[in-house]
Each structure stands twice: as C-alpha cells, then as structure tokens.
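**Student:** Could you look at this predicted model? Sequence included:
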Amino acid sequence: MQTTDLILNGASAFSSSSLQPVWDTLDSKDIARYRVHLSALGTPGAPLTANSYLDLIDYGASSCLSYSGVPVSADQFDPWFFGETYPAQEIFCE
C-alpha cells in the first residue's frame with residue numbers, strides 16, 4: 001500500500017492511495033507551494049518514505065512560462081542528491 005499527501009500550511013490539502021493520484025479539482029486559489037509526503041511498502045515489506053516540494057503554478061492565458069535567466073525544472077535535479085523528483089511539464093517561452 002502507498003499513500004501520497006499534499007500538505008499546505010501544515011494541513012492536508014490532498015491525499016490518495018492510488019498509484020497514479022490525480023488531483024483534478026484545482027483552481028486559481030490552489031496555486032501555492034505544497035509539501036509532498038509519499039509513503040509505501042517496498043517489495044520485502046520495508047517502509048519507504050519520501051518528502052519533497054511541489055510548486056503549483058499557473059500559465060495564465062499564455063501557453064508557456066516567461067522566465068528571465070536559465071530555467072531549471074525539477075526533473076533536472078539528480079535524485080541521489082535532491083531526493084524524489086518527477087518529470088516536469090513546464091514549457092518555457094523562448
């Protein structure tokens with residue numbers, strides 16, 4: 001069994017025990033930085049946990065994110081040094 005929890009200001013904002021959790025009730029008031037806590041049992045039954053952060057952003061009316069400087073996405077970080085990372089779906093303007 002595994003669980004995924006998104007925590008905002010110390011309170012649970014979303015929780016799921018699905019292997020592919022979908023938070024589909026988002027709107028503009030949900031834009032924030034969330035702490036993500038994952039817990040699961042490994043193949044031999046040992047508990048596994050991970051904590052990371054999720055920044056929920058809004059593209060607004062644009063199809064890309066404007067950013068001054070060199071943009072870096074979470075999937076560019078080495079998980080051996082930074083912990084769990086997930087594929088980023090950011091599209092940066094050129």
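**Tutor:** Cool, the structure landed.

**Student:** all contacts plus neighbour counts: C-alpha atoms, from now on.
**Tutor:** Will do.

**Student:** and Ala11, backbone torsions?
**Tutor:** phi -110, psi 150 (degrees, to the nearest 10).

**Student:** Which pLDDT value does the model give Val72?
**Tutor:** Note for Val72: predicted pLDDT of 63.

**Student:** Would you mind measuring from the closest residue to Ala40 other than its chain neighbours to Leu26?
**Tutor:** Of all residues not flanking Ala40 in the chain, Gln2 sits nearest, at 4.0 Å (CA to CA, 6 or more residues apart in numbering). Plainly put, Gln2 is 23 Å away from Leu26 if you go by CA to CA, to the nearest Å.

**Student:** of these two, who's got more company?
**Tutor:** Taking other CA atoms under 10 Å, Gln2 and Leu26 do not tie; Gln2 has more neighbours (15 against 9).

**Student:** OK, contacts around that one?
**Tutor:** Ser17, Ser18, Leu19, Leu38, Ser39, Ala40, Leu41 (CA atoms under 8 Å, 6 or more residues apart in numbering).

**Student:** Just to check, the last one is in contact with Ala50?
**Tutor:** Meaning Leu41. No: if you go by CA atoms under 8 Å, Leu41 and Ala50 don't touch, sitting 11.8 Å apart.
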